[in-house]
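Undergrad: After the sequence you'll find the predicted model.
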Amino acid sequence: MRRVLRFTLVLVVVLSVFATWALRASDTCSALELASHTRPAVAYTMALLGCLLALRPRRWSGPILLACALVIGWPTLRLSWGAGARAPDALLLRVAAANLLLESDAHRALLELVDASDAPDIVFISEGNQATLASIDALGSAYPHQLLWPARERWHVRSMGDAILSKRPFVDQMVHEDGAILQVAVEHDGDVVTILGAHPMRPGRPIDIARRNRTLDRLAELAEPLDHVVVLGDLNVTEGSRSYARLLRGGNLRDSRRGFGRQPTWLIDDRFVSSDQRWLARLVPAMPLDHVLLGDGLVCTERHVGPDIGSDHLPVFATLARRAGFAAR
């Protein structure tokens, strides 16, 4: 019996070390890429097991598992601190992003949400359809400056439309990657801020992950030369993925969640999942797929996840300011 326990212990440690390496190399295959989004849950499990094993006679196994947990969970752990490292200057703008879930009524709840006194200056929405246009039109007086993709006349029941709605006029606007990225620029107090709204392909098959990564790489390419840039939307990636780290590094971007925690936005419950797959949905931890990423000239002073609007995603809201003492490149 003792040999069996010893073998099991060694096997657990070996598998933990392998999992640590595999999740850090998540861009090598689609299965590891999908598994990388569960890194926090894996890290919590390893840490708990490591603490228990540290109390056992063979204490070497506990520290190994705790070290593995730290490596796997580090991208998430570091989100819990870092706010205020770069002091803010004057208030710049408020932004929001929401995935409306195609064919849902989420656009109606969003209409009420952005019609408040502290409504964001810029809103990016994805998965809109023909019914969403009614809400967009209703917001026309508050958000008169709009960029839609595809063109308004091509929005239909399953159009998967994206839109940037702004209180401030655009000084520039364009569409990239066949509509996967919308780009606008707005001016405020002499600063021009570029907004990149994106909704890359949902990962699943290898070809889908490749398409998503091409969009993320293009986002990095567009953001890198800019200091006052905001990337927002359902990026279909989490901090556990190597693809996400590559986006931040390549685009010279920072995660607005630093100092505010993980703030998951999907999957908020199982009512959007078919009945035969609900058991699986209950095993999937909530994930932060919706992001607000910042260029080096901006700092986030407040960030939160909004209420349930009837989508499988929660909206995200962020208040941004100039970074005090920042010298443009």
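TA: Now that the structure is in, tell me what you want to look at.
Undergrad: Could you list every helix and strand that the longest strand belonging to the chain packs against?
TA: In terms of residue count, the longest strand belonging to the chain (DSSP state E) is strand 88-99. When contacts are defined as 3 or more C-beta pairs under 8 Å, 6 or more residues apart in numbering; DSSP states H and E, strand 88-99 packs onto strand 122-128, strand 181-188, strand 191-198, strand 229-234, strand 290-294, strand 298-305, strand 316-323. No exception for glycine: its C-beta is placed from N, CA and C like everyone else's.
Undergrad: can I get these in CSV with distance to Arg78, mean pLDDT and mean neighbour count?
TA: Formatted as CSV, the helices and strands packed on strand 88-99 follow (distance: least, C-beta to C-beta, whole Å; pLDDT from 0 to 100; neighbours: other C-beta atoms under 10 Å):
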stretch, distance to Arg78, mean pLDDT, mean neighbour count
strand 122-128, 26, 96, 27
strand 181-188, 27, 94, 20
strand 191-198, 23, 96, 22
strand 229-234, 19, 98, 27
strand 290-294, 15, 98, 26
strand 298-305, 15, 94, 20
strand 316-323, 18, 93, 22
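Undergrad: of those strands, which approaches Gly204 most closely?
TA: Gly204 sits nearest to strand 229-234 of all those, at 14.7 Å, using C-beta to C-beta.
Undergrad: re the thing from before, could I get the helices and strands packed on strand 88-99 as a markdown table with distance to Gly251?
TA: Shown next, in a markdown table, are these (distance: least, C-beta to C-beta, whole Å):
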| stretch | distance to Gly251 |
| --- | --- |
| strand 122-128 | 17 |
| strand 181-188 | 12 |
| strand 191-198 | 9 |
| strand 229-234 | 7 |
| strand 290-294 | 7 |
| strand 298-305 | 13 |
| strand 316-323 | 16 |
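Undergrad: now for those strands, which one comes closest to Arg154?
TA: strand 122-128 (11.7 Å).
Undergrad: Return the set of buried residues in the helix or strand following the closest one.
TA: Next along the chain after strand 122-128, taking DSSP states H and E as the criterion, comes helix 130-138. Under the neighbour-count criterion of 16 or more other C-beta atoms under 10 Å, helix 130-138 has Ala131, Thr132, Leu133, Ser135, Ile136 buried.
Undergrad: Among the residues you listed, which one sits closest to Ser30?
TA: Thr132 (31.2 Å).
Undergrad: thinking the closest one is in contact with Ile125, fair?
TA: Yes - applying C-beta atoms under 8 Å, one finds Thr132 in contact with Ile125, separated by 7.3 Å.
Undergrad: what residues do those two have in common as contacts?
TA: Residues touching both Thr132 and Ile125 (C-beta atoms under 8 Å, 6 or more residues apart in numbering): Leu100, His107, Ala163.
Undergrad: quick one: contacts for Arg262?
TA: Pro40, Thr76, Leu79, Glu239, Pro288.
Undergrad: let me fix that: Leu55
TA: By C-beta under 8 Å, 6+ apart, Leu55 lies in contact with Gly62.
Undergrad: Need the phi and psi values for it.
TA: phi -90, psi -10 (degrees, to the nearest 10).
Undergrad: Quick check: Pro75 vs Val237, distance?
TA: 12 Å (C-beta to C-beta, to the nearest Å).
Undergrad: Oops, could you answer that again for Glu153 instead?
TA: Applying C-beta to C-beta to Glu153 and Val237 gives a distance of 32 Å.
Undergrad: and the two? which has more neighbours close in?
TA: Val237 (27 against 6; other C-beta atoms under 10 Å).
Undergrad: any idea which element the more buried one lies in?
TA: Applying DSSP H and E, one finds Val237 in no helix or strand.
Undergrad: Please report the distance of it from Gly295.
TA: Distance from Val237 to Gly295, by C-beta to C-beta: 19 Å.
Undergrad: for Phe260, same thing?
TA: 18 Å.
Undergrad: So for those two, which sits in the more crowded spot?
TA: Set Phe260 next to Gly295 and count neighbours by other C-beta under 10 Å: Gly295 wins out with 23 against 19.
Undergrad: show me what contacts the more buried one?
TA: Applying C-beta under 8 Å, 6+ apart, the residues near Gly295 are Ala223, Leu226, Asp227, His228, Val229, Val230, Asn252, Leu253, Arg254.
Undergrad: I'd assumed His188 was in contact with Ala90.
TA: No - with contact defined as C-beta under 8 Å, Ala90 does not count as touching His188 (9.3 Å).
Undergrad: For Gln130, see how far away the closest residue to Leu222 other than its chain neighbours is.
TA: Leaving aside its sequence neighbours, Leu222 sits nearest to Leu196 (C-beta to C-beta, 6 or more residues apart in numbering; 5.9 Å). Plainly put, Leu196 is 25 Å away from Gln130 if you go by C-beta to C-beta.
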